[in-house]
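**Q** structural data only, the sequence is not supplied:
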């Protein structure tokens with residue numbers, strides 16, 4: 001996003017089953033200035049999943065508040081997205097989108113073509129060959145619903161983010177003066193709770209749990225919270241918040257999330273917790289986390305960061321996602337998720353075409369000069385001949401440019417008419433590849449090798465891989481050799497593997513290189529013969 005594009009008013013919108021929240025702000029070179037922050041109750045007659053109904057409600061709310069801003073940003077809740085952590089080589093940033101697309105396709109419960117995918121690279125040691133990459137996937141139908149909702153609201157979407165990343169920005173801003181190493185953030189809504197873990201201000205874990213806020217108080221009306229040592233020293237009155245059973249349910253989900261994160265970070269401990277939301281039990285939950293889990297806990301109150309009074313910040317306890325959207329607007333795109341503008345691989349063809357205009361200009365000059373030569377030779381005159389000779393000399397001096405242009409034309413023709421359809425080839429390769437828990441790709445090269453037969457090319461894929469087990473490459477090779485495309489009887493791949501080396505102590509200790517030849521598996525018809533045969 002350009003600097004000029006960021007200098008404008010923006011409206012960040014977030015909603016749950018009952019409440020619409022709006023943050024109106026101005027963004028520019030000096031940062032973000034919050035203009036207004038307000039919420040409105042969503043009528044029971046409005047279906048929040050119906051784009052027309054929800055879009056018109058948003059429009060009515062903005063009109064009622066006198067807001068005419070056209071540009072909006074929104075985020076997708078955690079329960080509507082798939083979030084997965086992959087371990088990938090992070091040294092080659094240009095190749096990373098392609099590696100992400102190949103690996104995440106094996107993890108999704110639906111075809112990768114039906115989703116929009118973006119990712120964020122986590123903190124990585126300077127000498128590390130691989131790193132964790134947080135990959136987010138949202139089905140296209142979900143994104144289309146959001147786009148249709150804002151179209152009915154008369155708003156232009158500038159970004160569709162992911163709620164945990166917006167919350168991460170808000171919590172990091174809250175704790176910016178003393179950020180603990182591991183922070184737990186719990187965001188409560190009437191129907192679900194999002195539980196995120198931040199490590200060194202980076203999102204490393206996120207989970208959504210369905211909860212139902214009780215509408216009637218349940219007995220008993222008090223909850224005794226036990227300390228970490230088993231002593232009971234505080235009684236909370238929960239008559240107005242739905243009863244002890246609801247708090248117990250929330251604490252159970254918090255414990256589950258911590259244990260799920262601990263599976264990938266053994267021995268870790270949560271240093272601090274922040275609780276946001278406005279369902280009425282945030283304070284009781286914060287006390288429960290502090291007493292039962294021995295974690296220092298605070299309620300989300302952004303007053304200090306925006307220069308508000310403490311009471312104003314307390315009223316914004318449920319605005320972490322909305323405020324995070326605004327604070328992160330125009331920031332580092334590499335550390336955020338945007339499903340409207342996800343990180344993509346720049347293809348070889350596009351890189352070539354970017355250079356084509358300059359070379360094409362040289363080609364036009366060549367054609368024009370040749371026309372001058374032809375015209376000059378048809379007319380007598382020493383002056384004209386001298387001028388033509390000078391032009392010829394200038395063109396000869398640029399001969400290398402012409403050769404480059406001709407080579408480019410040849411490469412484009414070869415690419416268009418003789419290349420393998422690499423997308424299809426890679427699809428077949430990925431369909432038999434082990435998951436990234438068993439094998440990761442550290443490097444991949446696609447080449448085409450000329451063969452003796454006229455106009456024929458042989459495709460070759462060179463893979464540098466790392467595996468957890470020594471026999472995983474053999475299993476992969478067997479699958480490749482047995483792979484057949486639909487309707488084909490001939491093998492698609494021939495595989496050769498180089499020597500395997502072992503680096504003890506690594507998560508993927510076994511290193512090997514595979515040379516995969518793409519074979520011609522067409523079922524060609526045999527030529528007819530003068531002889532005839534009888535078929536029984």
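**A** The structure has been received and is ready for your questions. Note that this is a predicted model, so its numbers are computed, not measured. Numbering: from 1, shown residues only.

**Q** report the separation between residue 184 and residue 140.
**A** The gap separating residue 184 from residue 140 is 32 Å, by CB to CB, to the nearest Å. The way it works is simple: take the backbone N, C-alpha and C, and place the C-beta from them, glycine included.

**Q** neighbour count winner among those two?
**A** Using other CB atoms under 10 Å as the criterion, residue 184 and residue 140 rank with residue 184 on top: 25 against 13.

**Q** what stretches of the stretch 251-400 of the chain score poorly on pLDDT?
**A** Where the stretch 251-400 of the chain drops to pLDDT under 70, the residues are 345-382, 396-398, 400.

**Q** where do the helices sit along it?
**A** 282-293, 303-306, 310-314, 320-328, 348-377, 382-397, 399-417 (DSSP state H, counting those that start in this stretch).

**Q** buried stuff in the second one?
**A** By neighbour count on 16 or more other CB atoms under 10 Å, the buried set for helix 303-306 is 303, 305, 306.

**Q** which residues are contacting it?
**A** With contacts defined as CB atoms under 8 Å, 6 or more residues apart in numbering, helix 303-306 is touched by 34, 173, 174, 176, 309, 310, 312, 313, 314, 316.

**Q** for the second one, give me its contacts.
**A** Contact analysis of residue 173 by CB under 8 Å, 6+ apart lists 302, 305, 323, 324, 327.

**Q** right, and the helix or strand after the helix or strand where it lies?
**A** Taking DSSP states H and E as the criterion, the element that holds residue 173 is helix 163-174. Downstream of helix 163-174, the next assigned helix or strand under DSSP H and E is strand 182-188.

**Q** what angle do the helix or strand that that next one is followed by and strand 182-188 make?
**A** Scanning forward in sequence from strand 182-188 by DSSP H and E, the next helix or strand is strand 192-199. Taking axes from the mean of the first three to the mean of the last three CA atoms, to 10 degrees, one finds strand 192-199 and strand 182-188 inclined to each other by 170 degrees.

**Q** what strands line up against strand 192-199, and which way round?
**A** strand 182-188 (antiparallel), strand 202-210 (antiparallel) (DSSP bridges).

**Q** need the contact partners of the first one.
**A** Identification of contacts with strand 182-188 by CB under 8 Å, 6+ apart yields 163, 167-168, 171, 175, 193-199, 211, 250, 254, 257-258, 268-279, 281-282, 285, 289, 295, 300, 318, 320-321.

**Q** now residue 475. Nearest residue, chain neighbours left out?
**A** residue 434 (7.1 Å; CB to CB, 6 or more residues apart in numbering).

**Q** wait, that neighbour sits on residue 472?
**A** Yes: counting by CB atoms under 8 Å, residue 472 is a contact partner of residue 434 at 5.9 Å.

**Q** show me what contacts residue 481?
**A** Residue 481 makes contact with 491, 493, 494, 495, according to CB under 8 Å, 6+ apart.

**Q** nearest to residue 468 among those?
**A** Nearest to residue 468 among those: residue 495, at 19.8 Å, using CB to CB.

**Q** gap between the closest one and residue 58?
**A** 55 Å.

**Q** looking at those two, which one has more neighbours?
**A** residue 58 (26 against 18).

**Q** does that one touch residue 151 like I think?
**A** No: if you go by CB under 8 Å, residue 58 and residue 151 don't touch, sitting 10.9 Å apart.

**Q** part of a strand, is residue 83?
**A** Yes: per DSSP: H, G, I helix; E, B strand; the rest coil, residue 83 lies within a strand segment.

**Q** ok, now which ones touch it?
**A** By CB under 8 Å, 6+ apart, the contact set of residue 83 is 134, 135, 136, 162, 164, 206.

**Q** can we see that at 7 Å?
**A** For residue 83, the contacting residues are 134, 136, 206, by CB atoms under 7 Å, 6 or more residues apart in numbering.

**Q** do the same with residue 327
**A** Listed by CB under 7 Å, 6+ apart, the contact set of residue 327 reads 32, 169, 170, 173.

**Q** separation between the last one and residue 31?
**A** Distance, residue 173 to residue 31, by CB to CB: 11 Å.

**Q** tell me how many other residues crowd residue 119.
**A** By the measure other CB under 10 Å, the count of residues near residue 119 is 24.

**Q** what about it, helix or strand, and which?
**A** Counting by DSSP H and E, residue 119 is part of strand 115-121.

**Q** direction included, what does the next helix or strand along the chain from that strand pair against?
**A** For strand 115-121, the following helix or strand on the C-terminal side (DSSP H and E) is strand 130-139. Paired with strand 130-139 in the same sheet, following DSSP bridges, are strand 82-89 (antiparallel), strand 115-121 (antiparallel).

**Q** closest one to residue 97 among those strands?
**A** strand 115-121 (7.7 Å).

**Q** surely residue 509 touches residue 502?
**A** Yes: with contact defined as CB atoms under 7 Å, residue 509 counts as touching residue 502 (5.2 Å).

**Q** which of the two has more residues huddled nearby?
**A** Between residue 509 and residue 502, counted using other CB under 10 Å, the more crowded position is residue 509 (15 against 11).

**Q** re the thing from before, check what pLDDT the residue nearest to residue 475 gets.
**A** On the pLDDT scale, residue 434 is placed at 91.

**Q** in the sheet, who's paired with residue 10?
**A** residue 25.

**Q** state the three-state secondary structure for residue 73.
**A** Three-state call for residue 73 (three-state DSSP): strand.

**Q** partner residues bridging it?
**A** On the basis of DSSP bridges, residue 73 is bridged to residue 12, residue 159.

**Q** would you confirm that it contacts residue 9?
**A** No: if you go by CB under 7 Å, residue 73 and residue 9 don't touch, sitting 11.5 Å apart.

**Q** out of those two, which sits in the busier spot?
**A** Using other CB under 10 Å, the more surrounded residue of residue 73 and residue 9 is residue 73, with 26 against 16.

**Q** where's that one relative to residue 179, distance?
**A** Using CB to CB, residue 73 is found at 25 Å from residue 179.

**Q** now the phi/psi pair for residue 19, please.
**A** As for residue 19, its main-chain torsions (degrees, to the nearest 10) stand at phi -130, psi 140.
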